[in-house]
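Chemist: quick one, fold the following:
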Amino acid sequence: MEARYKKKQFDVHVSDFATKVAAAGGLPVQLPYESTGRDLIDRLDGLLISGGQDVDPVRWGGDPVDACDIDPLRDEYEIALIRDALDAGIPMLGICRGMQILNVALGGTLVPDLPTQELHHQQPGQPVEEETHTVQFLTGSTMFNIYGRTANVNSLHHQAVDTVGTGLTVTGWAPDGVVEAIEYGDEPVVGVQWHPEWRHKDAIFDWFIDQAAADLGGRRGVA
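Modeler: Okay, the predicted model is just below:
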C-alpha cells in the first residue's frame with residue numbers, strides 16, 4: 001500500500017457471505033459502520049452477522065487480559081444493529097463471531113479460550129471447508145428442521161458461547177459439549193458456530209432467505 005493511504009480507513013468484506021446469500025436467491029447488501037438505526041433495519045428483509053475478531057471481553061464481563069484481536073467499534077456497531085433487528089422482528093443469522101456477539105448483545109458470556117484436548121475447534125492445518133466434527137441438534141428446533149439430527153461441520157474458532165443470553169436457547173452441540181447453535185425463542189433468529197459460507201453446501205442460507213422472503217414488507221435486501 002502506498003504510504004499516503006496508510007492512515008485511511010477501509011471497509012473490508014469476506015465475499016463468500018454475499019456469494020452464498022445471492023446463490024440462495026437473496027440480494028446482499030454490505031453495511032459500513034455508518035449505516036445504523038431503525039431506518040436502516042426497516043429497509044432490510046434480514047440481517048446476517050458474519051465471523052471475524054474476538055468480542056472484547058469488556059463487553060461480556062470477561063478478563064481484559066484475554067483481549068486478543070478485538071475491534072471495540074465493531075462490537076458497538078453490531079450490538080446496536082442486533083438489538084434494532086430484534087426489535088423490528090426481522091430474520092437474523094449469526095455466523096461464528098456473529099453467533100457470539102448475538103449472545104453478548106443479549107447479556108450472555110463467552111468461553112475465552114477453548115481447550116484442545118478432545119476436539120481442536122480451530123482445526124489447524126485443515127482447509128477451511130474441511131468438516132472435522134459433527135453437531136447434534138435439539139429435536140423440534142429450527143436447526144433440527146434444517147439439518148435433521150446431526151450434521152458434519154467445519155470448525156474455525158477458539159471461543160464459544162458459555163452462559164446464554166436472555167431469550168436464547170442452545171439447540172446444537174459438538175461432541176465435546178461446546179455450544180454450536182443457538183436460537184431466539186420462536187423467532188427466525190439463529191446463530192451457528194461453524195462457517196457455512198465455506199462449506200460446499202449448507203442449507204442455512206436457503207432457510208435464511210426463505211425467512212427473509214416471508215416478510216418483505218417493502219424492504220429490499222439482506223445484509
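Chemist: name the element the residue nearest to Y33 when sequence neighbours are not counted belongs to?
Modeler: Leaving aside its chain neighbours, Y33 sits nearest to Y77 (4.9 Å; criterion: CB to CB, 6 or more residues apart in numbering). Any C-beta I mention is one placed from the backbone N, CA and C, and that applies to glycine too. Taking DSSP states H and E as the criterion, Y77 maps to helix 72-88.
Chemist: against which helices or strands is that helix packed?
Modeler: Other helices and strands packing on helix 72-88, by 3 or more CB pairs under 8 Å, 6 or more residues apart in numbering; DSSP states H and E, are helix 37-41, strand 47-49, strand 92-95, helix 97-105.
Chemist: let's go with 6 Å and repeat that
Modeler: Contact here means 3 or more CB pairs under 6 Å, 6 or more residues apart in numbering; DSSP states H and E; on that basis helix 72-88 packs against helix 37-41, helix 97-105.
Chemist: which residues sit against the shortest one?
Modeler: It refers to helix 37-41. With contacts defined as CB atoms under 6 Å, 6 or more residues apart in numbering, helix 37-41 is touched by 84-85, 88.
Chemist: so which of those wins on neighbours?
Modeler: Comparing the contacts of helix 37-41 on neighbour count, A85 comes out first with 23 neighbours (neighbours: other CB atoms under 10 Å).
Chemist: so who does that residue touch?
Modeler: Neighbours of A85 in contact, by CB under 6 Å, 6+ apart: 41, 47, 92.
Chemist: now do it, the pLDDT please.
Modeler: A85 is assigned 97 on the pLDDT scale.
Chemist: what of the one 5 residues further on?
Modeler: Looking at I90, its pLDDT reads 96.
Chemist: that's a helix at it, yeah?
Modeler: No - applying DSSP: H, G, I helix; E, B strand; the rest coil, one finds I90 to be coil, outside a helix.
Chemist: what is the burial count for it?
Modeler: 23.
Chemist: and if you look at S141?
Modeler: Around S141 there are 18 residues (other CB under 10 Å).
Chemist: I figured G51 hits C96, correct?
Modeler: Yes - using CB atoms under 6 Å, G51 is in contact with C96, at 3.5 Å.
Chemist: more neighbours, the two?
Modeler: C96 (24 against 20).
Chemist: tell me the spacing between the more buried one and V65.
Modeler: 23 Å (CB to CB, to the nearest Å).
Chemist: do the same with A174
Modeler: 26 Å.
Chemist: looking at those two, which is more packed in?
Modeler: Set side by side, A174 and V65 give different neighbour counts by other CB under 10 Å, the larger being at A174 (23 against 8).
Chemist: quick one, strands of this protein?
Modeler: 47-49, 92-95, 110-111, 133-137, 150-153, 160-161, 168-173, 179-184, 189-192 (DSSP state E).
Chemist: got any ranges where this protein has weak pLDDT?
Modeler: Where the chain drops to pLDDT under 70, the residues are 215-223.
Chemist: still on that earlier bit, compute the distance between the residue nearest to Y33 and F137, please.
Modeler: Applying CB to CB, the value for Y77 to F137 is 30 Å.
Chemist: with neighbour numbers in mind, choose between these two.
Modeler: F137 (21 against 18).
Chemist: show me what that one is bridged to.
Modeler: In this entry, F137 is beta-bridged to G172, by DSSP bridges.
Chemist: spit out the contact partners of it.
Modeler: 143-144, 147, 171-172.
Chemist: fine, thanks again, bye for now.
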